[in-house]
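Asker: Sequence plus predicted model, see below.
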Amino acid sequence: MKISSIFSTLKHKKVTQPQKKIISFDGGGVRAIAGIVFLKKFEEETGKKVFDTFDMFIGTSAGALNAACFACDGLSAKEVKKYWSQEYLDKIMETSFFWDQASLIQARPRYETKGRVEILKELFKNKNLSDSHKPILTLCYDIERREHVIHSSFETPDITFVDAVCASSAAPMYFPTYQISSGSWMIDGGVVTNNPSIIGFIKAKKYFNAETIKVLSIGAGKNKNKIKGENSSKWGGVGWLRNDIIGMVLDSEIHNDIATDIIDKNYLRINSPLGNINKMLDDASDENLEKIHKLGLNWWEEFGEETINFIND
């Protein structure tokens, strides 16, 4: 083999890296704030920024917003939490004129897209995913092609942050279907999986060519309130909607079990039952937000030391 050919082969050969860390964010509407509270404690206790700790960020729905905030410009958890304040939630959740609060079955989505887009433009301007300071992935679903779509800084670099996050968080019934700049119509990635950890793991293995991929998976609480089976046998569509059928469909614990089996000791899940937190994704009342904040603090008490050891190991 010619010397020039040898050098060419070495130049294009991927060097195996020893270890990379990725962080995955579940969807969950306002409940995604709990994960930010947890990470804020992490930054305070360790003196390390989330941005500097992880090599890749992935999120679904509300989790896509959190992932994008960290990956794009390296915001601290404290700075990210600002965009979950009551002021910003009021702008994001701009109620549709056609929404009838007295009726469970609605002819229109509850919220308009306008306020959400304005907040995202304030955050990300006209930046594309290629402008991200760290690799990022978001998940959505193309309703016309009937297939999941993964937007990433390395496979779809020309997608804007605004499009990626809006597409991933267009939750049916809450927000309208979102049309990205390419013309495709997208809905919330949670209809595919609300826990994108295993997707992030697979993509990270290919992207980094690392010997070890460690995954910190941030949940958004689990609704474990009992449903009486006998009562459910009498429900039609309205009855199931009143009793969290959407939450059951979006339940991500099977994906957590799969990730645990595949990634094993290199996977750490941060999650717990919701307790008295409202199961609805959009309860931005002061009382409910305070409960979500306490959930994040409880997670730190339960998982904080384990998380630090997991990252430092």
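Answerer: Ah, there it is.
Asker: next SSE after the lowest-mean-pLDDT helix or strand in the chain?
Answerer: Of all the helices and strands that make up the chain, the one with the lowest confidence by mean pLDDT, DSSP states H and E is helix 3-12; it has a mean of 45. Following helix 3-12 in sequence order, the next helix or strand is strand 17-25 (DSSP states H and E).
Asker: Tell me the strands beside that next one, with direction?
Answerer: strand 56-60 (parallel), strand 210-218 (parallel) (DSSP bridges).
Asker: Now render those as a markdown table, adding mean neighbour count, distance to residue 153 and mean pLDDT.
Answerer: Heads up, the C-betas are built off the backbone N, CA and C, glycines and all. Formatted as a markdown table, the entries for the strands paired with strand 17-25 read as follows, by neighbours: other C-beta atoms under 10 Å; distance: least, C-beta to C-beta, whole Å; pLDDT from 0 to 100:
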| stretch | mean neighbour count | distance to residue 153 | mean pLDDT |
| --- | --- | --- | --- |
| strand 56-60 | 30 | 9 | 97 |
| strand 210-218 | 22 | 17 | 95 |
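Asker: on contacts alone, who are the packing partners of the one helix or strand residue 304 maps to?
Answerer: Element membership for residue 304 (DSSP H and E) is helix 286-312. In this structure, helix 286-312 makes packing contacts with helix 33-46, strand 210-218, strand 267-270, judged by 3 or more C-beta pairs under 8 Å, 6 or more residues apart in numbering; DSSP states H and E.
Asker: what's the closest of the strands paired with strand 17-25 to residue 195?
Answerer: Using C-beta to C-beta as the criterion, the shortest distance between residue 195 and these is 6.4 Å, found for strand 210-218.
Asker: what angle separates whatever helix or strand residue 263 lives in from strand 210-218?
Answerer: Under the assignment given by DSSP H and E, the secondary-structure element containing residue 263 is helix 253-263. Going by axes from the mean of the first three to the mean of the last three C-alpha atoms, to 10 degrees, helix 253-263 is angled at 160 degrees with respect to strand 210-218.
Asker: can you list contacts of helix 253-263?
Answerer: Taking contacts as C-beta atoms under 8 Å, 6 or more residues apart in numbering, the residues outside helix 253-263 that touch it are 193-195, 197-198, 201, 213, 215, 217, 219, 222, 267, 269, 271.
Asker: re earlier: could you pull out the buried residues of the helix holding residue 304?
Answerer: Buried residues in helix 286-312, counting neighbours by 16 or more other C-beta atoms under 10 Å, are found at 288-289, 291-293, 295-296, 299-300, 303-304, 307, 310-311.
Asker: Report the inter-axis angle for it versus helix 33-46.
Answerer: Comparing the axes of helix 286-312 and helix 33-46 via the same axes, to 10 degrees yields an angle of 50 degrees.
Asker: Now do the same contact list for the closest residue to residue 300 other than its chain neighbours.
Answerer: Distances taken as C-beta to C-beta, 6 or more residues apart in numbering put residue 41 closest to residue 300, at 4.1 Å, once the chain neighbours are dropped. When contacts are counted by C-beta under 8 Å, 6+ apart, residue 41 is found next to 296-297, 300, 304.
Asker: what do you get if the cut-off is 7 Å, keeping everything else the same?
Answerer: 297, 300, 304 (C-beta atoms under 7 Å, 6 or more residues apart in numbering).
Asker: what does residue 299 give?
Answerer: By C-beta under 7 Å, 6+ apart, the neighbours of residue 299 are 34, 38, 270, 272.
Asker: what phi and what psi does the backbone show at the last one?
Answerer: With angles defined as degrees, to the nearest 10, residue 272 sits at phi -170, psi 170.
Asker: Could you give the number of residues near it?
Answerer: The burial count assigned to residue 272 is 16, neighbours taken as other C-beta atoms under 10 Å.
Asker: Look up how far residue 228 lies from it.
Answerer: Separation of residue 272 from residue 228 (C-beta to C-beta, to the nearest Å) stands at 23 Å.
Asker: and if you look at the second one?
Answerer: Using C-beta to C-beta, we find residue 38 at a distance of 33 Å from residue 228.
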